[in-house]
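> pasting the structure only:
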């Protein structure tokens, strides 16, 4: 991407997975400006801190004021830690602390929309296979995001991390509007990387987009048709075999496997692929800010 730094909003909670997400995304998008967002919910949940404050006040109003003051202070401290990590990884960064009352995943998507971020980055603490979970915050964020959302799994193996700096971008392709928007987003964010269009449909022609880098069409075996899990496994295998840095998928329409909605394939891929996965909302388009779907 040329002209200006990519604008990234990072959901950061001070955990190892969220710190790893920053470091790995900095390899994937080295020229970026990050807003490190830490969400906190009053009253601050540290039991030790609350006990100390209660012993010093004994009055509910004073106690609540003190708890919220200390909660904001702690939130500022955590966001500053994330900024330090981002700067050490080569990004410019600034803290962004937000007071919310639950629904952190949805709040992050609203925040990314409000500041018109080009990418919302979240970490995932999930497990692969049948025990797969994203975590409540990341799962909700994926469902409600209107900006392109990049999910960073934890942990990544050394070979996965090595692919981040120069590896190709794998795009699930079926010729649909959603896939086209996802492809345009991928080309805009990674204009100099090889694009791997992954499809099972022999009748789908690769698109012609201005400024598109080297593009290769990967034909998946047709036996992967029939379930979102099979499609996700096929995408994950292709990404691993070709050293892909990231998998990019649209969130609506047909999937890279015919007759399966891309929403289900996208979710299955997030659960099963040990790669960075970006999901691009079907209403998102370059230069516009999509509104939430009612």
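Structure received. Remember, predicted model here, so these are calculated numbers, not experimental data. Residues are numbered from 1 along each chain as shown.
> mind listing the helices for the stretch 151-294 of the chain?
Secondary structure of the stretch 151-294 of the chain (DSSP state H, counting those that start in this stretch): helices located at 158-166, 177-189, 228-241, 262-272.
> in the stretch 51-200 of the chain, which spans are strands?
Under the criterion DSSP state E, counting those that start in this stretch, strands of the stretch 51-200 of the chain are mapped to 92-99, 119-124, 149-153, 169-172, 195-199.
> re the thing from before, for residue 207, find the nearest of the helices of the stretch 151-294 of the chain.
Evaluated with CB to CB, the helices of the stretch 151-294 of the chain place helix 177-189 nearest to residue 207, the distance being 6.4 Å. C-beta coordinates here come from the backbone N, C-alpha and C atoms, glycine included.
> pull out the buried positions in that closest one.
178-189 (16 or more other CB atoms under 10 Å).
> where does pLDDT dip in the chain?
Where the chain drops to pLDDT under 70, the residues are 1-3, 42-61, 63-64, 125-135, 200-206, 208-213, 221-226, 252-263, 283-294.
> center of it - which residue?
For the chain, residue 150 is the residue whose C-alpha lies nearest the centre (CA atoms, centre = their mean; 1.9 Å).
> got a list of what residue 137 touches?
11, 13, 104-105, 108, 122 (CB atoms under 8 Å, 6 or more residues apart in numbering).
> of the residues you listed, which pair is most distant in space?
Largest separation among the contacts of residue 137 by CB to CB: 13 and 105, giving 11.6 Å.
> more neighbours, these two?
residue 105 (22 against 18; other CB atoms under 10 Å).
> excluding covalently adjacent residues, which one is nearest to that one?
Among residues not flanking residue 105 along the chain, residue 140 sits closest, at 2.8 Å (CB to CB, 6 or more residues apart in numbering).
> cool, and residue 147?
Looking at residue 147 with CB to CB, 6+ apart, the closest residue is residue 112, at 4.5 Å.
> one more: residue 236?
Residue 236 sits nearest to residue 273 (CB to CB, 6+ apart), 3.8 Å away.
> how about the closest residue to residue 87 other than its chain neighbours, what does it touch?
Excluding its sequence neighbours, the residue lying closest to residue 87 (CB to CB, 6+ apart) is residue 93, at 5.5 Å. Shown in contact with residue 93 (CB under 8 Å, 6+ apart): 33-36, 82-83, 86-87.
> what is the nearest of those residues to residue 170?
Of these, the one sitting nearest to residue 170 (CB to CB) turns out to be residue 34, at 24.1 Å.
> within its sheet, name the partner strands of the helix or strand harbouring that closest one and how each one runs.
For residue 34, the host element (DSSP states H and E) is strand 32-40. Sheet pairing here is set by DSSP bridges, and for strand 32-40 it gives strand 6-11 (parallel), strand 92-99 (parallel).
> for the ones you listed, which one sits closest to residue 246?
Here strand 6-11 is closest among the strands paired with strand 32-40 (CB to CB), at 13.2 Å.
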